[in-house]
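Novice: Sequence first, predicted model second:
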Amino acid sequence: GVVNAAIALVFSIYLLFGKRRLLSQLAYLMERFIPEKYCRKIVHVKVIANRTFGKFFTGQFVEAIILGSLCTLGMLLFRFPYALTVGSVVGMTAIIPLVGAYLGGAIGFVLLFNQGYQTALLFVLFLVILQQMEGNIIYPRVVGTSVGLPGVWVFTAVILGGGLFGIPGILF
């Protein structure tokens, strides 16, 4: 897994640095081997997908900042130690869809465990409640607005996708 992740990272870096050249080569191949009618449709879909995914990632980033801020404020309110550190970690890891905030919560749990297991368990309870509120109220509104969909449609798509296809359905 570590080797695959390293190879994927290097491959991604190569793709990013050679993006312009690669795109021009793909456009050249499309012009030569695909009829013009289909080329226009492919380019149209590519433009829409690029715009939508860009807005999605922007919304995901804004949502991560909101979650990290709410976590920090809640921890300060409930007088948890390491509020700024844990809130920042939860916010940074929240960029990872679905499990990111819980990964940050695991790091927060480890940090707070030295203050006593009750404090760490109360933090986990706080984070689960915060994550549920954020995932059901804030997330559909923020990401839906950035993508151009009403929050209710994003929420419906997540519920239906998860019910039909599990985690891949939620991501799709």
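Specialist: Received, thanks.
Novice: From here on, just use CA atoms for contacts and neighbour counts.
Specialist: Fine.
Novice: Would you pull up how far whichever strand or helix holds Tyr38 lies from the middle of the chain?
Specialist: Assessed by DSSP states H and E, Tyr38 sits inside helix 36-77. How far helix 36-77 lies from its chain's middle: 8 Å, per CA atoms, centre = their mean, to the nearest Å.
Novice: what do you get for stretch 150-166?
Specialist: In terms of CA atoms, centre = their mean, the centre of stretch 150-166 is set 15 Å apart from its chain centre.
Novice: The least confident helix or strand in the chain by mean pLDDT to helix 36-77, inter-axis angle?
Specialist: Every helix and strand of the chain was ranked by mean pLDDT, DSSP states H and E. The lowest is helix 139-147, at a mean of 74. Helix 139-147 and helix 36-77 are oriented at 140 degrees to each other (axes from the mean of the first three to the mean of the last three CA atoms, to 10 degrees).
Novice: For Leu29, see how far away Ala49 is.
Specialist: In this view, Ala49 and Leu29 are 20 Å apart by CA to CA, to the nearest Å.
Novice: I should have written Ile107 there, sorry.
Specialist: According to CA to CA, Ile107 stands 48 Å off from Leu29.
Novice: So which of the two has more stuff around it?
Specialist: Between Ile107 and Leu29, counted using other CA atoms under 10 Å, the more crowded position is Ile107 (15 against 11).
Novice: quick one: contacts for that one?
Specialist: Val86, Val89 (CA atoms under 8 Å, 6 or more residues apart in numbering).
Novice: Now name the helix or strand holding the residue lying farthest from the centre of the chain.
Specialist: Centroid-distance maximum for the chain: Arg32 at 37.3 Å, with CA atoms, centre = their mean. Element membership for Arg32 (DSSP H and E) is helix 19-33.
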